[in-house]
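Chemist: show me the folded form of this:
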Amino acid sequence: MSLSPFAQSFAGKRIFLTGHTGFKGSWLALWLEKLGARVTGYSLAPPTQPNHFEVANVRDSLAAHHDGDLCDRARLAAAMREADPDLVMHLAAQSVVRTGYADPFRTFETNVMGTASLLEAVRSLGKPCAVLCVTSDKCYENREQIWGYRENDAFGDYDPYGGSKGAAEITIRSYRHSFFHPDKYDQHGVALASARAGNVIGGGDWKDHALLPDAFRALSKGQAIPVRSPDSFRPWQHVLQCLSGYLTLGCRLLGDNPIEYCSGWNIGPLPGSELPVREVLDLFVAEWGSGEWQFVGEKDQPREAMILRLCIDKAVWQLNWKPAWDVHAAIRQSARWYRRYLESPQTIREFSLQQIDEYSAAMNTGNN
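Modeler: Purely as a prediction, here's the structure:
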């Protein structure tokens, strides 16, 4: 899909975006503003210091900004009514596997009951609306299989974070069947879909125990990058690639026949983008220009999947969506962003917008 259908779909639209202070949400807010959308953000304060929301002055791109908890049902519903959205994009979440182990109750509360709270707010609107809820590739029951999980595979996982995402998907499906059934769309006017993605990389991510943020923190101090699991494979994709999938699905939900898209969708890289951690860091260091990584095994390290892949055939064929940057471009562009932030932080908003333009151009030309 080219950039112009994005602009045609989103120009002048009212978007209610949760999680806009987070990594993916802040990038999405910038992109939506470039497309001419009127974005209302609802989220807790940025989860890290520093963070992309603040360094890129994302608040300047918003029509309205609300500080709020998903589980504050009254506040969430009031903010959504005020926004009067054409499209709700739900990205707010507890998004860290290790935090799930440290605080499982809050993880389930945010990811499951927070999603239910959002869908209740949609119900209270009583008006036609498109809704896209974002979960994670870790919603699937991970059997460490070498082939990608499909949208009809079983939910549930070993750890609290994965379990909360599987439960969130079940919650979304339950609301779709009970209150927003596609067969009754003429009565309720709500088109509800979910998107599942994972292992998103890109500039502006500062989460603890995350690969490229750890790499940036170490390299910027002239230290070796600490690595826990150098042989773990992940399907790496750039944040803008992931968001292009969300935007494509949002276009479909706002289109003439939204009921065709009221289901779950995998948004991930093409096959071949799976690299072990060690190779990702080798590429990142090469682009950075100096440095090294060092294995630092940990005792009692929480269990994490060694292999997790998504099959994106459904999105490619039915949404006509395709990744525009391969894994090498994703790593290269991530390193460029972090390097720019280190050298010229005052220009990082413009550089973020420039990378959106570069990804949009790659979508149009098919160049990696």
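Chemist: what's the straight distance from one end of stretch 262-274 to the other?
Modeler: 29 Å (C-alpha to C-alpha, to the nearest Å).
Chemist: quick check: mean pLDDT across it?
Modeler: Model confidence over stretch 262-274 averages 92 on the pLDDT scale.
Chemist: in that stretch, what's buried?
Modeler: 262-269, 273-274 (16 or more other C-beta atoms under 10 Å). Where you see a C-beta, it was placed from the backbone N, CA and C, and this is true even at glycine.
Chemist: from the chain's centre, how far out is it? Work that out for me.
Modeler: Between the centre of stretch 262-274 and the centre of its host chain there is 12 Å, according to C-alpha atoms, centre = their mean, to the nearest Å.
Chemist: same deal with stretch 334-354?
Modeler: Computed by C-alpha atoms, centre = their mean, the separation of stretch 334-354 from the middle of its chain amounts to 20 Å.
Chemist: can you offset everything so residue one is 53?
Modeler: Sure, I'll start numbering at 53, so the last one becomes stretch 386-406.
Chemist: neighbouring contacts of that stretch?
Modeler: Outside stretch 386-406, the residues within contact range by C-beta atoms under 8 Å, 6 or more residues apart in numbering are 79, 82, 86, 104, 107-109, 112, 253-256, 264, 268, 272, 290, 336, 339-340, 407.
Chemist: what's the answer for stretch 297-307, then?
Modeler: Residues outside stretch 297-307 that contact it (C-beta under 8 Å, 6+ apart): 53, 57-58, 61-62, 65, 80, 83, 87, 138-139, 141, 182-184, 186, 243, 245, 247, 249, 310, 312-314, 317, 319, 367, 371-373.
Chemist: thinking again about what came up before, only whichever of the contacts of stretch 386-406 are buried, select them in ChimeraX.
Modeler: In ChimeraX, this line selects whichever of the contacts of stretch 386-406 come out buried by 16+ other C-beta under 10 Å:
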select :79,82,86,104,107,108,253,254,255,256,264,268,290,336,339,340,407
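Chemist: out of the contacts of stretch 386-406, list just those in strands.
Modeler: Assigned to strands by DSSP state E, the following of these qualify: 253, 290.
Chemist: list just the nearest of the buried residues of stretch 314-326 to residue 162.
Modeler: Nearest to residue 162 among the buried residues of stretch 314-326 is residue 316, at 19.9 Å by C-beta to C-beta.
Chemist: I'd say that closest one and residue 249 touch.
Modeler: No - look at residue 316 against residue 249 with C-beta atoms under 8 Å: they stay out of range, at 11.5 Å.
Chemist: which residues in the stretch 53-202 of the chain form helices?
Modeler: Counting by DSSP state H, counting those that start in this stretch, the segments of the stretch 53-202 of the chain that form helices are 55-62, 75-86, 104-107, 125-135, 149-154, 156-160, 166-177.
Chemist: for the ones you listed, give me JSON lines that also has mean pLDDT.
Modeler: Listed next are the helices of the stretch 53-202 of the chain as JSON lines, based on pLDDT from 0 to 100:
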{"stretch": "helix 55-62", "mean pLDDT": "80"}
{"stretch": "helix 75-86", "mean pLDDT": "98"}
{"stretch": "helix 104-107", "mean pLDDT": "98"}
{"stretch": "helix 125-135", "mean pLDDT": "98"}
{"stretch": "helix 149-154", "mean pLDDT": "90"}
{"stretch": "helix 156-160", "mean pLDDT": "96"}
{"stretch": "helix 166-177", "mean pLDDT": "98"}
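Chemist: just name the most buried of these.
Modeler: Mean neighbour count (mean count of other C-beta atoms under 10 Å) peaks for helix 75-86 among the helices of the stretch 53-202 of the chain, with a mean of 26.
Chemist: helices or strands next to that helix in the packing?
Modeler: strand 66-70, strand 90-95, helix 104-107, helix 291-305, helix 400-417 (3 or more C-beta pairs under 8 Å, 6 or more residues apart in numbering; DSSP states H and E).
Chemist: reformat those as JSON lines; add distance to residue 331.
Modeler: Compiled in JSON lines, the helices and strands packed on helix 75-86 are given as follows (distance: least, C-beta to C-beta, whole Å):
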{"stretch": "strand 66-70", "distance to residue 331": "34"}
{"stretch": "strand 90-95", "distance to residue 331": "34"}
{"stretch": "helix 104-107", "distance to residue 331": "25"}
{"stretch": "helix 291-305", "distance to residue 331": "19"}
{"stretch": "helix 400-417", "distance to residue 331": "22"}
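Chemist: these: which one's closest to residue 199?
Modeler: In this view, these are compared for proximity to residue 199 by C-beta to C-beta, and helix 291-305 is the closest at 20.2 Å.
Chemist: what's around residue 207, how many residues?
Modeler: By other C-beta atoms under 10 Å, 19 other residues sit near residue 207.
Chemist: partner residues bridging it?
Modeler: Taking DSSP bridges, one finds residue 192 as the beta-bridge partners of residue 207.
Chemist: who's in contact with it?
Modeler: By C-beta under 8 Å, 6+ apart, the residues touching residue 207 are 191-193, 218-219, 221-222.
Chemist: rewinding a little: of all the helices and strands packed on helix 75-86, which one is nearest residue 233?
Modeler: With C-beta to C-beta, the closest approach to residue 233 among these belongs to helix 291-305: 15.2 Å.
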